[in-house]
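K.L.:
no FASTA, just this:
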Ligand code: ACO
């Protein structure tokens, strides 16, 4: 009988732009205050790409570090998946650009666009390839340059986002590993969080101020996010028949500290069991979960064989989770 295969995390990596933009820096050109941003979101600062720096540049840094920590070279990677909403180009995909830069073999490479849930969606796809025996080592990256999509005149949105990339290598193993992944979407809420231009609709703004920028009805998104994340953590625990007390770590999407605290409260987890990076990174969309995971692991807090719950929520709406033994 062939043994069941699991996808195990064998390496992680990260890449953040050098430039730090603090809330005080924002006060100089946005009608906002450090106090408002910290009270409503928990964000103190975020990283911003330099002129000419792209999503693929950040993805490359994170991917190289993840491959190095897994002890794997370019020829060992069977498949590359990049979660991003801010690709370098319309096509080729950022994954194809990255594949070439990393010197990977000609295995598949593709992007996944699920906004802030992009990395967990990508992880879910990678998990299926490993479970089925179709791939042995998969590089999964979440990389974004959301600040390229901000209207700095829209204080409700521009203070929230930052740039960065995180990556993991998943390798086939006979011990767990990813236990389950869950992905969902509901396009009915598309208008609450969007960038309202595109290839087939056209790039000309519909409204005088619109431009190519994220628009979000933050208040309404907040309520849906809290309820939806509450439901998906229940679904994940039930699917694995485990009690919330068995969880060692929550690695949430980093959009807002109040949303993170609400999910932790639902799970009856102390905040010292939750990896938080939103204070220093802001919302880095698809990069936020792998950045938090990398930080939890490299800081020595997350240890081998501990049980981790990853969750994300984003534009679409999309939402996703993964339960795994590290
Ligand atoms: N500085 C100062 N005041 C501000 C700012 C700002 N940057 N932004 C808004 N305000 C004001 C508003 O004008 C409003 O003033 P009023 O009461 O006089 O009208 C007041 O602050 C309250 O505004 P709200 O929008 O009600 O504030 P809220 O507490 O809801 O916080 C926030 C806003 C932070 C956006 C929150 O709603 C949120 O985090 N939403 C969810 C974001 C999210 O999870 N997105 C999903 C992932 S993103 C992705 O997928 C790309």
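P.N.:
Arrived safely. This structure is a prediction, so every number in the text was calculated from the model and none was measured.
K.L.:
Quick one: the helices in the stretch 151-300 of the chain, in order.
P.N.:
For the stretch 151-300 of the chain, the helices defined by DSSP state H, counting those that start in this stretch cover 155-158, 218-239, 257-266, 278-281, 288-298.
K.L.:
Let me know which of these is tucked in deepest.
P.N.:
Mean neighbour count (mean count of other Cβ atoms under 10 Å) peaks for helix 288-298 among these, with a mean of 26. All C-beta spots, glycine's among them, are computed from the backbone N, C-alpha and C.
K.L.:
Mind giving me the packing neighbours of the helix or strand that it is followed by?
P.N.:
For helix 288-298, the following helix or strand on the C-terminal side (DSSP states H and E) is strand 307-314. In this structure, strand 307-314 packs against helix 118-131, helix 218-239, strand 249-252, helix 288-298, strand 318-325, with contacts taken as 3 or more Cβ pairs under 8 Å, 6 or more residues apart in numbering; DSSP states H and E.
K.L.:
And those: which comes nearest the ligand?
P.N.:
helix 218-239 (2.6 Å; Cβ to the nearest ligand atom).
K.L.:
Same list (the helices and strands packed on strand 307-314) but as TSV, adding distance to residue 18.
P.N.:
Output for these, formatted as TSV (distance: least, Cβ to Cβ, whole Å):
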stretch	distance to residue 18
helix 118-131	22
helix 218-239	28
strand 249-252	25
helix 288-298	15
strand 318-325	30
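K.L.:
Can you lay out those as CSV showing distance to the ligand and mean pLDDT?
P.N.:
Converted to CSV, these look like this (distance: least, Cβ to the nearest ligand atom, whole Å; pLDDT from 0 to 100):
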stretch, distance to the ligand, mean pLDDT
helix 118-131, 9, 98
helix 218-239, 3, 96
strand 249-252, 11, 98
helix 288-298, 9, 98
strand 318-325, 8, 98
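K.L.:
in the stretch 1-150 of the chain, which spans are strands?
P.N.:
All strands of the stretch 1-150 of the chain, identified by DSSP state E, counting those that start in this stretch, fall at 6-15, 19-22, 45-48, 79-83, 108-112, 137-145.
K.L.:
Could you identify which of those is most buried?
P.N.:
Mean neighbour count (mean count of other Cβ under 10 Å) peaks for strand 137-145 among those, with a mean of 31.
K.L.:
Quick test: name the residue nearest the centre of this structure.
P.N.:
Residue closest to the average C-alpha location in the chain (Cα atoms, centre = their mean): residue 286, at 2.8 Å.
K.L.:
Quick check: that residue touching residue 83?
P.N.:
Yes. Taking Cβ atoms under 8 Å as the definition, residue 286 is a contact partner of residue 83 at 3.9 Å.
K.L.:
any shared contact partners between those two?
P.N.:
114, 117, 118, 119, 122, 142, 143 (Cβ atoms under 8 Å, 6 or more residues apart in numbering).
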